[in-house]
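Chemist: This is the structure alone, sequence omitted:
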């Protein structure tokens, strides 16, 4: 009987928990076609991480956890992008680029002001699932339950907003409220994935499982289920290879995701030719 180290068990558990929120929210990202918005939010959170790390170092405030800074930065970025999307859509691309680059720049500057934080910067940029602790598991679980519960509660409203905004308007659904709520949920999912795969590689784990699922079904509930299963599979394989070969876990998971995407694309083309 193989006995896994505690840190490896926690890594697998954390990845499985995060897979539920990433698979569900990733499906919304794919059908709504907002991957560029997601990429901007994911990169901007480095600003919140770096700022909170600096405040913690400068004023010795232990509760200023960098992940709290990540959540705040993600929500602010989501609100700004959502506001521009709903009111000034022609300027959306510029705002996405500004938030993307500015958030990264702010994070790098603040982290350079904190001694011996180079490793921390790398840790958040590329992820380190092997440092997952019991507190991290608790936080991941609470946020994942929060996202799943809201998805179930407002499923029909999110569905209408993603596929038919005009229909949502005619049904008197508060489009802006639920669009901001959806972006907030995506932002939280992004923060959940930071520890697993890192800021730079988040977009792969958030969108590719859902994209593969979309190859074979157009029904959103089935797409979400498949995306969650694929996320768990990719994370499990990536973490296993990372542990066996001493590879960086985030990069390994990203490679696994990319390989499976290529296979899925080939299978889809093969099935299309057979029809």
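Modeler: Cool, got the structure. Note that the structure is a prediction, hence the values are computed from the model and not measured. Residues are numbered from 1 along each chain as shown.
Chemist: contacting residues for residue 188?
Modeler: Taking CB atoms under 8 Å, 6 or more residues apart in numbering, we find residue 188 in contact with 21, 71, 74, 143, 146, 147. Where you see a C-beta, it was placed from the backbone N, CA and C, and this is true even at glycine.
Chemist: And those, which is closest to residue 163?
Modeler: Checking these against residue 163 with CB to CB, the nearest one is residue 147 at 20.2 Å.
Chemist: That closest one contacts residue 21, doesn't it?
Modeler: Yes - distance between residue 147 and residue 21: 4.4 Å, which falls inside the contact criterion (CB atoms under 8 Å).
Chemist: thinking again about what came up before, what's the most distant pair in the contacts of residue 188?
Modeler: By the measure CB to CB, these have their two most distant members at 74 and 146, which lie 14.1 Å apart.
Chemist: between those two, which one's more packed in?
Modeler: When residue 74 and residue 146 are compared for neighbours, residue 74 comes out ahead with 26 against 13, by other CB atoms under 10 Å.
Chemist: show me the contacts for that one.
Modeler: Residue 74 is in contact with 41, 42, 44, 45, 48, 187, 188, 190, 191, counting by CB under 8 Å, 6+ apart.
Chemist: Please report how far it lies from residue 97.
Modeler: Taken as CB to CB, to the nearest Å, the spacing of residue 74 relative to residue 97 amounts to 17 Å.
Chemist: Columns pLDDT on top of the contacts of residue 188, output as a markdown table?
Modeler: Formatted as a markdown table, the entries for these read as follows, by pLDDT from 0 to 100:
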| residue | pLDDT |
| --- | --- |
| 21 | 89 |
| 71 | 90 |
| 74 | 93 |
| 143 | 83 |
| 146 | 90 |
| 147 | 90 |
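Chemist: Among those, name the ones in helices.
Modeler: Secondary structure from DSSP state H places 21, 71, 74, 143, 146, 147 of those in helices.
Chemist: where does the residue lying closest to residue 29 once chain neighbours are set aside land in three-state SS?
Modeler: When the adjacent residues along the chain are set aside, residue 29 lies closest to residue 38, with 5.2 Å between them (CB to CB, 6 or more residues apart in numbering). Going by DSSP: H, G, I helix; E, B strand; the rest coil, the secondary structure assigned to residue 38 is helix.
Chemist: Surely residue 38 touches residue 199?
Modeler: No - shown here, residue 38 and residue 199 do not form a contact pair, counting by CB under 8 Å, at 11.8 Å.
Chemist: can you map out the helices along this structure?
Modeler: So, for the chain - with DSSP H - the helices run 6-32, 35-59, 66-87, 92-112, 118-126, 134-153, 155-163, 165-170, 175-197, 202-216, 220-245, 249-274.
Chemist: Remind me what the first one packs against, helices and strands.
Modeler: Other elements packing on helix 6-32 under the criterion 3 or more CB pairs under 8 Å, 6 or more residues apart in numbering; DSSP states H and E are helix 134-153, helix 155-163, helix 175-197, helix 202-216, helix 220-245.
Chemist: how close does residue 233 get to residue 154?
Modeler: The span separating residue 233 from residue 154 equals 28 Å under the rule CB to CB.
Chemist: ditto for residue 247
Modeler: Counting by CB to CB, the gap from residue 247 to residue 154 is 39 Å.
Chemist: now swap in residue 173 and tell me
Modeler: Between residue 173 and residue 154 the distance is 10 Å, computed by CB to CB.
Chemist: Please name the residues that touch residue 157.
Modeler: Contact partners of residue 157, counting by CB under 8 Å, 6+ apart, are 168, 173, 178.
Chemist: so where's the stretch 1-150 of the chain uncertain?
Modeler: Residues of the stretch 1-150 of the chain that meet the criterion pLDDT under 70 lie in 1-2, 90, 117-121.
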